[in-house]
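K.L.:
any chance you could fold what I've pasted below:
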Amino acid sequence: NNVGGSGANKGTIVAVDDITLLVTSAGATGPAGATGPAGPAGPAGTATYLQKNTYTSNATYTTGPNTLWLDVTCTGGGGGGAGYRTSDDHGGGGGGGAGTIKQRIAVTPSTSYAIVIGPGGVGGVVNASGTAGTDTTFGGTLVVGKAGAGGSVTGDGGAGGAARTSGGAGGTAGTSSPATVGGSTTSHAGIVVLVAVPGGGGGGGGDVNATPNDNAGKSGGAADVSAGGAAYSIAIVNENGGGGGGASHWGSGGRGANNAASPLNQHEAEEPAASAYGAGGGGGCAFYGAGAGKNGASGVCVVEEIR
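P.N.:
Take a look at the predicted model:
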């Protein structure tokens with residue numbers, strides 16, 4: 001109770017009683033609340049392509065200081081076409097087209113990777129088969145483009161190269177008795193494998209002594225959107241033709257030779273166009289030109305640096 005004063009002491013507290021001071025402090029922190037719902041998904045990420053390089057000869061590729069991924073395409077060398085066989089004037093088989101593989105691979109920044117371009121197989125001289133092409137590789141075995149097989153002097157075409165080491169078989173070889181078209185292939189896509197295109201098989205060579213319709217050479221097999229190498233397909237008695245080369249992802253195989261009666265249809269076996277990486281060479285035939293098969297096309301490697 002306050003006792004009022006007077007004069008100089010008026011209004012001064014002279015006694016305090018029955019006053020209780022309540023002192024409080026913060027309590028312990030309570031448990032965390034439940035987690036709220038997830039927010040909406042962000043926009044899909046996109047790969048930024050920093051540069052793209054095409055290699056047609058052996059090289060070394062060095063990644064940038066911030067590069068962690070590459071898209072690498074490898075195509076092997078195409079098979080060489082075979083020469084004709086003098087014992088029965090049988091046309092040579094066409095070389096098989098090479099396989100093409102495109103993969104996205106993890107890499108180490110500022111690191112060098114070897115690129116080895118597979119040469120095409122050599123065309124066979126008279127009485128000799130063509131040789132197989134050679135695989136194209138990036139970083140040893142990181143990415144491998146499989147080569148096409150050589151055409152046979154027996155008249156069988158070369159098999160197409162597989163699209164990858166474990167799967168995606170190449171086109172089947174055309175046969176010689178009777179002569180058949182090389183096996184065709186189409187592209188296959190996967191998650192790690194972006195593109196996989198097996199090579200087309202080489203066409204079978206015609207047998208001059210065969211019954212009509214079996215003595216003409218046959219075209220090579222197609223690969224994806226590329227047609228196989230052409231062959232003269234009209235059977236004429238006592239004439240024959242070499243098999244066409246198998247196609248690759250990049251283009252058609254070489255045309256097989258032909259000795260038709262009409263000069264317009266007489267021609268040597270041909271190599272694939274320079275831009276048809278990995279395509280097979282055409283097979284040779286009797287009675288016209290040198291009779292030898294032609295070389296397959298060399299492979300290629302395309303490297304796209306992404307971030």
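
K.L.:
next, count neighbours for Leu68.
P.N.:
Neighbours of Leu68 under the rule other Cβ atoms under 10 Å: 13. (C-beta placed from N, C-alpha, C; glycine too.)

K.L.:
wait, what's in contact with it?
P.N.:
106-107, 109, 307 (Cβ atoms under 8 Å, 6 or more residues apart in numbering).

K.L.:
tell me the spacing between it and Gly83.
P.N.:
Taking Cβ to Cβ, to the nearest Å as the measure, Leu68 falls 49 Å from Gly83.

K.L.:
downstream of the lowest-mean-pLDDT helix or strand in the chain, the next helix or strand is which one?
P.N.:
None of the helices or strands of the chain scores lower by mean pLDDT, DSSP states H and E than strand 193-197, at a mean of 76. Next along the chain after strand 193-197, taking DSSP states H and E as the criterion, comes strand 258-259.

K.L.:
run the chain-centre distance for that next one.
P.N.:
Mean-position distance between strand 258-259 and its chain equals 34 Å (Cα atoms, centre = their mean, to the nearest Å).

K.L.:
where does the prediction get shaky in the protein?
P.N.:
Across the chain, residues meeting the criterion (pLDDT under 70) sit at 1-27, 41-49, 162-193, 209-216, 224-239.

K.L.:
apply 50 and report the result again.
P.N.:
Residues of the chain meeting the criterion pLDDT under 50: 1-7, 13-14, 16, 19-21, 165-167, 190-191.

K.L.:
how about the strands in it?
P.N.:
Secondary structure of the chain by DSSP state E: the strands cover 49-55, 59-62, 69-75, 100-106, 112-116, 136-138, 143-145, 193-197, 258-259, 266-267, 300-306.

K.L.:
check which helices and strands the least confident helix or strand of the chain sits against.
P.N.:
strand 100-106 (3 or more Cβ pairs under 8 Å, 6 or more residues apart in numbering; DSSP states H and E).

K.L.:
parallel or antiparallel, list what pairs with the strand it packs on.
P.N.:
Partners of strand 100-106 in the sheet, by DSSP bridges, are strand 69-75 (antiparallel), strand 193-197 (antiparallel).

K.L.:
got the contact list for that strand?
P.N.:
Contacts of strand 100-106 (Cβ under 8 Å, 6+ apart): 68-75, 139, 142-146, 163-164, 168, 192-197, 199, 223, 248-250, 278, 302, 306.

K.L.:
send the alpha carbons of that strand over as PDB?
P.N.:
Extracted C-alpha coordinates of strand 100-106, given in PDB (Å, rounded to 0.1, in the frame of the first residue of the first chain):
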ATOM      1  CA  THR A 100      28.000 -47.800 -86.600                       C
ATOM      2  CA  ILE A 101      27.600 -47.100 -82.800                       C
ATOM      3  CA  LYS A 102      27.000 -43.800 -81.000                       C
ATOM      4  CA  GLN A 103      27.400 -43.800 -77.300                       C
ATOM      5  CA  ARG A 104      27.300 -41.200 -74.500                       C
ATOM      6  CA  ILE A 105      30.200 -41.900 -72.200                       C
ATOM      7  CA  ALA A 106      31.600 -40.400 -69.000                       C
END
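
K.L.:
quickly note the distance from Trp143 to Thr73.
P.N.:
Careful, residue 143 is Val; it's not Trp. Taken as Cβ to Cβ, the span from Val143 to Thr73 is 8 Å.
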